[in-house]
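J.: with the sequence up front, the predicted model follows.
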Amino acid sequence: MISQARNVIDFLTKQGVEYADIRIHELDEAEHISTMKGDVEKYELISQQGYGIRVLVNGAWGFASSEVMTAQAMEQAGKQAIEKAQAASQFIQQKIELSDKPCVNSHYRSPCEIDPFSVSSQTKLKRLLQLDSQLGDEKFDYWGVSASFYKRHIIYVDSEGSEIRRELIELDAKLYAYATDIDGQQQKRTFVMPQYADGTTGWENLLNDAQIDHTQRLRSELLSLLDAPRCQVETCDVILLPEMMALQTHETIGHALELDRILGYELSYAGGSHVDLDDFGQLQFGSHKLTARADGTVPNSPGSIGFDDDGVPARNVTLIEKGLLKDAITSRQMIMEANAKAGRAIFSASGATSRAQSYSNLPIERMNNINIDAGQDGDLEAIIAATKNGILLETPCSWSIGSNRENFHFATEIAWKIKDGKIAHVVRNATYRGDSLTFWHSLDQVGDESTWQLQPVFMCGKGQPNQIMRLGHGIPVCRFKNVQVGE
Amino acid sequence: MAKHPMINIADTLITLNAFMRQQGICGSLTYRHEVSHMVRCGRSQISLNVSEEGEKFFIELQQGQRKISGSTTAQAGDVDKIQALILALNERLQYMPQVEHLTPMQAIAQGDLDRFNGDEQLHTIDSQRLVDLFKQTHQHFANEQVEISGAFSAGTYRYAIINTLVDNPICYQGSDYNIELVLQLLAQDKKEIRIADVGESLAQYQPNALIAELVRRYQLKLNTPRQDIPPGEYDVIFHADAFADLTNYLSYMALHGETYQYGMGMLQANKHKLGDTLFDASLTISDDPNDPDTLFGRPVGINGIARGHFPLITQGTLQNVYYSDKDDCDRFACHRNNDMNVASLKVHTGTGPADFDAMVKSCSKPTLYISFIHYMNITHAAKGEFTGTSRFGTLLIEDGQVKAHLYNQRINDSYHRIFNQIEWLSSQLSHVNMSNTYGMRNASSISCPQFVKVNKVNITGSSAPS
């Protein structure tokens, strides 16, 4: 297949394109299994194959994809991409330029001990049904386990001489349980299986005894929610546990710092950003306790894929250092455009975050692993002990964010009231809201390494046509002062 | 004369169905195909011009109370590849545990139900035509300090279904386009305005009318001062784009039968019954593939269930909820009655103002006008509570005049309240695009009154820049 890819690039180069690349999903398989109340709810196998061709002609992009794998069809798709670029070039203000990158001939493979696709259906079902049986309770309406396994072999070749092979394996596993509370309203607890940043992503993760512990914890938390007091409207300190910290980071740092969004390319759909180009190096984004990164080099995460879809090797980019805004989530195209617009070299190199959901999508700026450095304010117990009046929040229930990422309103599945340094009781239906910058300035406690956890995200939507992206957030437990809750 | 592509697909499905029967396999096959073209504009230039073609076969096999499913990319002629997948799935099927509540597979609808409605011009549209809309808009605003962004998507989609209980497949082909065009006013606090359009044939596309409407909204925004308002309850007139979005969420929270049975939405089977009056008497919502007021009428769902007139809410009374998924229906001993994935909802009109000027004149007391709701999400499903912010032009209207434009306002309210506090619905109907671009192309729109006035909507603030 690699020779077919080279031939297409040669063909496109002969057609006079300024740049071309092809991504071939030689193998792209998924297996989805879910259980509910002891039954297998779904068992689905998905197999797809296809490729996407991107060309730069007269300073404009054109892109075409196809699932017909013949050499003739590839050339046809290439011609279609050229036509698209020619049409697009009729309405541009500034020709697209790409920043320099190393020419690489390389390979990336996800760290994996046991390939989930080598494990029999029976073995998988047996384990998932075992976890399902641990979750159930007579007070629960529904409960279950879902696991999705992904395996992708992707070939990338571009006209600058890079050739990259990626063999990616991903695992997305969740637990869920629903029960009706004393007011006759349904409550839920869900749990996304975290990944170990220095671990592996294979079937071995589901065999881990920790999964049984999680079923027991989830079960007990849902039972405690059923007659818990409702969240009161007040202003107090909030402590965000890992799943909630991941959402907070994702929505108010990650999306706000995508450079295409800052430049205005997402305006008609997802929105813009409160961050301007003038803010880089100037804006105090949060308190001095905040250091955030776009780190594609985390060894084990759905956001770590070795190279982005521009063929740029993964990097660890400091976005915010001690609260000061320094960099963005960037690609080869956008840094050139941003520097030209700003009239100064704000960005020195692509952050290697240009990624596409699949072969049929054009790559755009996507989060890889948007992480926050662990701090020195101790473990979770120490942070709780240091809190006089607060609320501990976990697991997103809903999220709504202003169109410039300037404000947010989040609801959580579970919360615990903290009084005088101790957990007082569980709280139902907790929500909190804030203005993004004010909120990050109120960050006053950052948990140590013991609280830092990598949260995988498999459902981040962006762009038109909409693309669902896999990524990660490595985050510690954090405390924020004087936050509005319960509205 | 060349055969219509769907005839070839039908032949392939008949062959594969016969193969399954020969093998003693009980199952269903669904074919889906899409051609999608999209041009996207940002910063007053084309940022993306893409074309996608996708073709997939979905297979579901059932043996007694065991079930398995799978899908693959394949072209219509790849019979061997699909047969191989059928056999591989059938082998694994033996290892699937039995599911007690699973009922036998049912025959799909049969009869004169094929529809080949697609506009070929949208299948093969020259992307220059899509680019020209943005170019033309740019030329119109060439002397203004604005940036243009937006998206123009056009394409066709096909599906065909068969199962081993019937001899013939049911085939559907449709086409659609949808447009959104946004202006950012650089010299006026980066205010944003937006227009949108949706249609099923190119003949419905009227670029000059779209640009004229954009100009009207631009002038309105340009000529109004900005004002801040305190949080509180306000009477709100929702434009069709905003009210259709509220209706779309309501449909998932209240009209989705599976959610209703699971108790995961705002209506629950053990509390709310068909025939209960749950909403304002002015609210009537229906789904009818033969209603000329709606777009994309599909007589059969992707699940093979025949569709006809389907009243959902009539004068505030719950008439039906959608049951589309067999597995969920089996769990609750219900029968599939429709396919929500291909619904064409219509919110019936009332006697309220038909155009913008009449709408403004009708407001004597302070009233907010919300044209669009950004990032709506459910904060408490059982109570039907949601949040979201207004966007693309929020106005304060008073004494029959537009007094001011407001920064985006956050709404925290419930669908119970919104759909029970309707003062009036416009007499003019409008189509609002509801297609999302997740997964394969599947056109969707809601036909909605041009304006709907709702009293006492809870506005909880904004993050207006100083």
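T.: Ah, there it is. Residues are numbered from 1 along each chain as shown, chains lettered A, B, ... in the order given.

J.: which residues in the chain form helices?
T.: Went with chain A since none was named. Taking DSSP state H to define them, one finds helices in chain A at A:2-14, A:71-88, A:121-135, A:204-207, A:210-225, A:242-249, A:259-263, A:332-342, A:380-385, A:436-441.

J.: can you look at chain B instead?
T.: Here chain B has its helices, by DSSP H, at B:5-22, B:79-93, B:120-123, B:127-140, B:207-222, B:240-254, B:257-262, B:326-331, B:356-361, B:415-418.

J.: any idea which of those is most buried?
T.: helix B:240-254 (a mean of 23; mean count of other CB atoms under 10 Å in any protein chain shown). For glycine as for every other residue, the C-beta is placed from the backbone atoms N, C-alpha and C.

J.: packing partners of that one?
T.: Packing partners of helix B:240-254 (3 or more CB pairs under 8 Å, 6 or more residues apart in numbering or on different chains; DSSP states H and E): helix B:257-262, strand B:345-347, strand B:373-380, helix B:415-418, strand B:429-433, strand B:445-449, strand B:451-461.

J.: residues touching the closest residue to chain B within the stretch 201-350 of chain A, list them.
T.: Per CB to the nearest CB, A:Tyr265 is where the stretch 201-350 of chain A lies closest to chain B, at 3.5 Å. For A:Tyr265, the contact set (CB atoms under 8 Å, 6 or more residues apart in numbering or on different chains) comprises A:Ile364, B:Arg40, B:Gly42, B:Arg43, B:Ser47, B:Ser149.

J.: does the fifth one touch B:Cys41 like I think?
T.: Yes. Shown here, B:Ser47 and B:Cys41 form a contact pair, counting by CB atoms under 8 Å, at 6.4 Å.

J.: and the nearest residue to A:Cys103 once chain neighbours are set aside, how many neighbours?
T.: Excluding the flanking residues, the one nearest A:Cys103 by CB to CB, 6 or more residues apart in numbering or on different chains is A:Gly161, at 4.4 Å. The local packing of A:Gly161 (other CB atoms under 10 Å in any protein chain shown) involves 11 other residues.

J.: distance of A:Gly161 from chain B?
T.: Computed as CB to the nearest CB, to the nearest Å, the A:Gly161 to chain B distance reads 25 Å.

J.: go on, A:Lys417?
T.: For A:Lys417, the distance to chain B - CB to the nearest CB - is 19 Å.

J.: so who does that residue touch?
T.: A:Lys417 sits next to A:Pro229, A:Gly390, A:Ile391, A:Ile423, A:Ala424, A:His425, A:Val426, A:Val427 when contact means CB under 8 Å, 6+ apart.

J.: find the nearest non-adjacent residue to it, please.
T.: Nearest-residue entry for A:Lys417: A:Ala424, 4.5 Å, with adjacent residues in sequence omitted and distances by CB to CB, 6+ apart.

J.: do A:Phe280 as well
T.: Nearest to A:Phe280 is A:Ile346, by CB to CB, 6+ apart, at 4.8 Å.

J.: can you give me the buried ones in stretch A:190-201?
T.: By 16 or more other CB atoms under 10 Å in any protein chain shown, the buried positions in stretch A:190-201 come out as A:Thr190, A:Phe191, A:Val192, A:Met193, A:Pro194, A:Gln195, A:Ala197, A:Gly199, A:Thr200, A:Thr201.

J.: and what of stretch A:209-216?
T.: Quick answer for stretch A:209-216 (16+ other CB under 10 Å): A:Gln211, A:His214, A:Thr215.

J.: up against chain B, what does the stretch 301-450 of chain A have?
T.: The stretch 301-450 of chain A comes close to chain B at residues A:360-362, A:397-403, A:406-407, A:409, A:411, A:429, A:431, A:433, A:435, as judged by CB under 8 Å from any CB of the partner chain.

J.: how many other residues sit next to the residue nearest to A:Phe280?
T.: 20.

J.: packing partners of the worst-scoring helix or strand of chain A on mean pLDDT?
T.: Counting by mean pLDDT, DSSP states H and E, the weakest-scoring helix or strand in chain A turns out to be helix A:204-207, with a mean of 92. Applying 3+ CB pairs under 8 Å, 6+ apart, one finds that helix A:204-207 makes contact with helix A:121-135, strand A:163-180.

J.: and the longest one, does that touch chain B?
T.: If I follow you right, that is strand A:163-180. Yes. Contact between strand A:163-180 and chain B, assessed by CB under 8 Å from any CB, occurs at A:Tyr178, A:Thr180.

J.: which strand residues bridge B:Glu34?
T.: The residues listed as beta-bridge partners of B:Glu34 by DSSP bridges are B:Gly54, B:Tyr157.

J.: list the contacts of it.
T.: By CB under 8 Å, 6+ apart, the contact list for B:Glu34 reads B:Glu52, B:Glu53, B:Gly54, B:Glu55, B:Gly155, B:Thr156, B:Tyr157, B:Arg158, B:Met440, B:Arg441.

J.: and the pLDDT at the second one?
T.: Reading off the confidence values, B:Glu53 has pLDDT 90.

J.: would you confirm that it contacts B:Val35?
T.: Yes. Counting by CB under 8 Å, B:Val35 is a contact partner of B:Glu53 at 5.2 Å.

J.: tell me the contacts of the residue of the stretch 51-200 of chain A found nearest chain B?
T.: Closest to chain B within the stretch 51-200 of chain A is A:Gln185: 3.5 Å, counting by CB to the nearest CB. The contact partners of A:Gln185, by CB under 8 Å, 6+ apart, come to B:His380, B:Ala382, B:Lys383.

J.: B:Tyr205: which of the contacts of A:Tyr265 is nearest?
T.: B:Tyr205 lies nearest to B:Arg40 out of the contacts of A:Tyr265, by CB to CB, at 17.2 Å.

J.: one step back: could you dump the helices and strands packed on helix A:204-207 to a markdown table with mean pLDDT and mean neighbour count?
T.: Below are the helices and strands packed on helix A:204-207 laid out as a markdown table (pLDDT from 0 to 100; neighbours: other CB atoms under 10 Å in any protein chain shown):
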| stretch | mean pLDDT | mean neighbour count |
| --- | --- | --- |
| helix A:121-135 | 96 | 18 |
| strand A:163-180 | 97 | 20 |
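
J.: would you turn these into CSV with distance to B:Val300?
T.: Output for the helices and strands packed on helix A:204-207, formatted as CSV (distance: least, CB to CB, whole Å):
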stretch, distance to B:Val300
helix A:121-135, 32
strand A:163-180, 33
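
J.: re the thing from before, mind checking pLDDT for the residue nearest to A:Phe280?
T.: A:Ile346 carries a pLDDT value of 97.

J.: how about it, phi and psi?
T.: The phi and psi torsions at A:Ile346 (degrees, to the nearest 10) take the values phi -70, psi -40.

J.: before we move on, back to that, out of the helices and strands packed on helix B:240-254, flag the one nearest chain A.
T.: So among the helices and strands packed on helix B:240-254, strand B:373-380 is nearest, using CB to the nearest CB, at 4.3 Å.

J.: list the helices and strands that closest one packs on?
T.: Strand B:373-380 packs on strand A:389-401, strand A:407-419, helix B:240-254, strand B:385-390, going by 3+ CB pairs under 8 Å, 6+ apart.

J.: could you give the angle of that strand to strand A:389-401?
T.: In terms of direction (axes from the mean of the first three to the mean of the last three CA atoms, to 10 degrees), strand B:373-380 departs from strand A:389-401 by 140 degrees.

J.: mind checking pLDDT for the closest residue to B:Ser36 other than its chain neighbours?
T.: In space, not counting the residues next to it along the chain, B:Ser36 is nearest to B:Gly155; the distance is 4.0 Å by CB to CB, 6+ apart. B:Gly155 carries a pLDDT value of 95.

J.: quick one: A:Tyr156 from A:Met69, how far?
T.: Remark: distance between A:Tyr156 and A:Met69 (CB to CB, to the nearest Å) = 16 Å.

J.: more crowded one of the two?
T.: The neighbour comparison of A:Tyr156 against A:Met69 (other CB under 10 Å) goes to A:Tyr156, with 22 against 16.

J.: before we move on, the earlier item: and for the least confident helix or strand of chain A, what's in contact with it?
T.: Helix A:204-207 has contacts (CB under 8 Å, 6+ apart) with A:Glu113, A:Ile114, A:Arg127, A:Leu128, A:Leu131, A:Ala147, A:Leu171, A:Ala173, A:Met193, A:Gln195, A:Gly199.
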